[in-house]
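Undergrad: one predicted model, sequence on top.
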Amino acid sequence: MSKQEAGYDYHRYRKLLAEAVDDSKRLELIDLLIQEKARDRLEAQRTSDRVAMTTITVAKILGPSGRRDNFKLG
């Protein structure tokens, strides 16, 4: 289960959803999503993506030198 622990597995869940053609299969999928805490993993992945995007944006704004010389503590 280490692969599932790494994050939200869109492709796997999408495949399982496509295969859930009756109520029993849908309930199995719901149980699996609950057991694997899929919602929590999705939220954690989204948060991580937002942090990464913010970091990239800040790095682009500051440029290669970091412009740290403009922020002197005095």
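TA: Looks like it came in fine.
Undergrad: please make it C-alpha for all contacts and neighbour counts, starting now.
TA: OK.
Undergrad: ok, Leu33 - contacts?
TA: Applying Cα atoms under 8 Å, 6 or more residues apart in numbering to Leu33 gives the contacts Arg39.
Undergrad: and it, what pLDDT?
TA: We have a pLDDT of 85 for Leu33.
Undergrad: try the one 4 residues further on
TA: Residue-level confidence at Lys37 comes out at 86, pLDDT.
Undergrad: same thing with Ala44?
TA: 87.
Undergrad: so how far is whichever helix in the chain runs longest from its chain's centroid?
TA: Across the chain, the longest stretch assigned as helix under DSSP state H is helix 38-62. Mean C-alpha position of helix 38-62 versus that of the full chain (Cα atoms, centre = their mean, to the nearest Å) differs by 8 Å.
Undergrad: cool, and stretch 53-67?
TA: How far stretch 53-67 lies from its chain's middle: 22 Å, per Cα atoms, centre = their mean.
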